[in-house]
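Trainee: Okay, here's the prediction I keep looking at, along with the sequence it came from:
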Amino acid sequence: MLSVENVVSGYGETTVVNDVSINVAPGEIVVIIGPNGCGKSTLLKTIFGLVRPGSGKIAFNGEDITGAKPFELVRKGMGFVPQTENVFASLSVMENLEMGGYTIRAPDLEEIFRMFPVLEEKKKERASSLSGGERQMLAMARALMTRPKLLLLDEPSAGLAPKMVEVVMEKIKELREGDSSVLIIEQNAKSALSIADRGYIMVMGKKVFEGKTHEILDHKEIGRLYLGKRGG
């Protein structure tokens with residue numbers, strides 16, 4: 001579904017993502033983990049057209065989308081949830097959802113509320129009144145209003161309490177059941193790996209490891225460096 005080949009990108013003359021290749025198959029949840037500042041967010045923004053790649057190729061459903069604009073990618077079936085400023089705080093929950101579905105003639109609100117019942121309960125309340133976890137669910141729900149085939153999530157558990165992290169991760173698992181593939185970047189590596197099929201590790205702008213989640217979780221050196229495990 002998504003193919004990123006040898007992508008180099010950054011800001012001005014500063015290279016942040018250096019020759020990275022990843023892919024996401026239909027029905028997969030794929031996670032990218034790594035230390036802060038390693039280029040994970042920049043890679044996601046490059047895929048979604050917010051940062052223009054200096055070189056390399058990005059394809060979505062077999063079509064070259066390198067350098068495409070975000071609104072074009074939304075129409076092609078891609079959604080993106082940034083880490084911060086991902087809801088309109090002054091608007092109601094319902095107005096946020098309507099903004100997300102403006103390109104769809106008849107968005108499926110019933111399905112959205114089935115997946116996120118708390119949003120139906122609070123649909124008339126301002127987004128600013130929601131808890132951090134509820135805001136994250138609203139951000140995901142708004143992105144889902146366009147029925148994306150691929151959803152990009154930037155740090156969906158950032159700042160959330162442990163119990164709410166579990167709830168958000170369960171909601172992400174449900175996305176796959178609704179025929180959406182998901183690409184996540186996440187600091188909470190263990191939680192993300194627990195729901196993902198495969199993972200990539202980035203360090204200093206480069207991909208240094210890839211594998212199925214059990215291979216990452218069982219790898220002693222990776223566990224010591226990135227998962228908080230003690231060396232044996």
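Mentor: Here it is on my side, so go on.
Trainee: Quick check: bridge partners of residue 22?
Mentor: Following DSSP bridges, residue 22 is listed with bridge partners residue 4.
Trainee: Correct me if wrong: it contacts residue 28.
Mentor: No: counting by Cβ atoms under 8 Å, residue 22 stays clear of residue 28, with 11.2 Å between them. From N, CA and C alone the C-beta is placed, and that goes for glycine too.
Trainee: Neighbour count: the two, which is higher?
Mentor: residue 22 (20 against 17; other Cβ atoms under 10 Å).
Trainee: In this structure, spot the helix with the most residues.
Mentor: helix 162-177 (DSSP state H).
Trainee: Can you point out the buried residues in it?
Mentor: Using 16 or more other Cβ atoms under 10 Å as the test for burial, helix 162-177 gives 164, 165, 167, 168, 169, 171, 172, 175, 176.
Trainee: helices and strands around that helix, which ones?
Mentor: Applying 3 or more Cβ pairs under 8 Å, 6 or more residues apart in numbering; DSSP states H and E, one finds that helix 162-177 contacts strand 29-33, helix 132-144, strand 181-185, helix 189-195.
Trainee: In terms of secondary structure, what does the last one contact?
Mentor: Here helix 189-195 touches strand 29-33, helix 162-177, helix 213-218, going by 3+ Cβ pairs under 8 Å, 6+ apart.
Trainee: Out of those, flag the one nearest residue 135.
Mentor: Closest approach to residue 135 among the helices and strands packed on helix 189-195 (Cβ to Cβ): helix 162-177, 10.4 Å.
Trainee: show me the contacts for residue 184.
Mentor: 29, 30, 31, 32, 153, 156, 172, 192, 196 (Cβ atoms under 8 Å, 6 or more residues apart in numbering).
Trainee: What of residue 124?
Mentor: With Cβ under 8 Å, 6+ apart, residue 124 has these contacts: 92, 93, 94.
Trainee: and those as a markdown table, adding pLDDT, neighbour count and distance to residue 2?
Mentor: Listed next are the contacts of residue 124 as a markdown table, based on pLDDT from 0 to 100; neighbours: other Cβ atoms under 10 Å; distance: Cβ to Cβ, whole Å:
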| residue | pLDDT | neighbour count | distance to residue 2 |
| --- | --- | --- | --- |
| 92 | 96 | 17 | 33 |
| 93 | 95 | 27 | 30 |
| 94 | 93 | 16 | 31 |
